[in-house]
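this one's structure only:
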């Protein structure tokens, strides 16, 4: 197999991808071609390298779902599908920063994606879509794990119809919409209508709503299900009933993150695991009131 890796080196590119300025296409492209198969000729390498380099691309400012993609770097194996989600994620991230649309940010998003990748869930439920930043990270991992036998799905819930519509468009552009069902409504009510088993839950819909979400989901969770709750640091007081519940009934831990976000430089996620084998008669119980 021939492996082609190309790298775009320009200070403005990194700034543009993180949402700090416009990318101007005065860059240098370094094309590195490695041969991993016998008999791969020099001419073949040049042709593949050229075709790969053509897609290295042009970025620019984006004002909404209709804007074009921004690609900063890539490593593409011949025959491997391109990552259509990456430029959309970068665009949504930039828009959230520019317009103060609350999101988890790249540091926690990468951890969330890792948890999804490790669990390989069949059904994921997200409470709080906004314009789809977290959904893009989750769905990208589901797509990577998808096979003929394993057909994962994400149900994401958003109370604002306009934001739900925008999220759907971003997911469509990322070629992930076939994995996702966007529901509009109050997550605390919508989750009660869902069918289990649910293997992974991500909650990010204002602290006071967290307990209502888990209360509607708890009886539908599969053994070993993972529950991730954002803002367990800055919103710990308003989601105390939720934190008390998961810490009492599940294996739960708090993970802290340093973040580069205008609205917060440090926050946490509460990560909880449903026991794989419950003791006879054991059922999750509401936390004791204090």
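Thanks, I have it. This one's a predicted model, so the numbers in the text were calculated from it and none came from an experiment.

from here on, contacts and neighbour counts on C-alpha atoms
Will do.

show me where pLDDT drops low in the chain?
In the predicted model, the chain carries pLDDT under 70 at residues 1-81, 277-290.

Just the helices from it, written as ranges.
Secondary structure of the chain by DSSP state H: the helices cover 11-17, 42-54, 85-99, 105-119, 133-145, 161-173, 187-190, 210-217, 240-249.

Pick the most buried one from the ones you listed.
helix 133-145 (a mean of 23; mean count of other CA atoms under 10 Å).

and the nearest residue to residue 196 once chain neighbours are set aside, what does it touch?
In this structure, residue 196 finds its nearest non-sequential neighbour in residue 220, 4.7 Å apart by CA to CA, 6 or more residues apart in numbering. Residues in contact with residue 220 (CA atoms under 8 Å, 6 or more residues apart in numbering) are 195-198.

Neighbour count added to these, as a markdown table?
Shown next, in a markdown table, are these (neighbours: other CA atoms under 10 Å):
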| residue | neighbour count |
| --- | --- |
| 195 | 11 |
| 196 | 14 |
| 197 | 16 |
| 198 | 24 |
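
Spatially, which two of these are the most separated?
195 and 198 (7.8 Å; CA to CA).

how's the chain carved up into domains?
Per the record, the chain has its domains at 2-82, 100-273, by automatic domain parsing.

And the last one, end to end?
End-to-end span of domain 100-273 (CA to CA, to the nearest Å): 32 Å.

what's the burial count for residue 221?
Residue 221: 20 surrounding residues under other CA atoms under 10 Å.

Which strand residues bridge it?
residue 198 (DSSP bridges).

What separates the first and last residues of stretch 245-253, distance-wise?
12 Å.

these two touch, right, residue 130 and residue 163?
Yes - contact criterion CA atoms under 8 Å: residue 130 and residue 163 qualify, at 5.6 Å.

quick revisit: as JSON lines, the helices of the chain with distance to residue 180 would be great.
Shown next, in JSON lines, are the helices of the chain (distance: least, CA to CA, whole Å):
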{"stretch": "helix 11-17", "distance to residue 180": "26"}
{"stretch": "helix 42-54", "distance to residue 180": "30"}
{"stretch": "helix 85-99", "distance to residue 180": "14"}
{"stretch": "helix 105-119", "distance to residue 180": "15"}
{"stretch": "helix 133-145", "distance to residue 180": "7"}
{"stretch": "helix 161-173", "distance to residue 180": "8"}
{"stretch": "helix 187-190", "distance to residue 180": "16"}
{"stretch": "helix 210-217", "distance to residue 180": "18"}
{"stretch": "helix 240-249", "distance to residue 180": "26"}
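
residues shared between the contacts of residue 130 and residue 163?
Counting by CA under 8 Å, 6+ apart, nothing touches both residue 130 and residue 163.

And the spatially closest residue to residue 260 that is not a sequence neighbour, how far from residue 265?
Spatially, and ignoring its direct neighbours in sequence, residue 260 is nearest to residue 105 (7.7 Å; CA to CA, 6+ apart). From residue 105 across to residue 265, the span is 10 Å (CA to CA).
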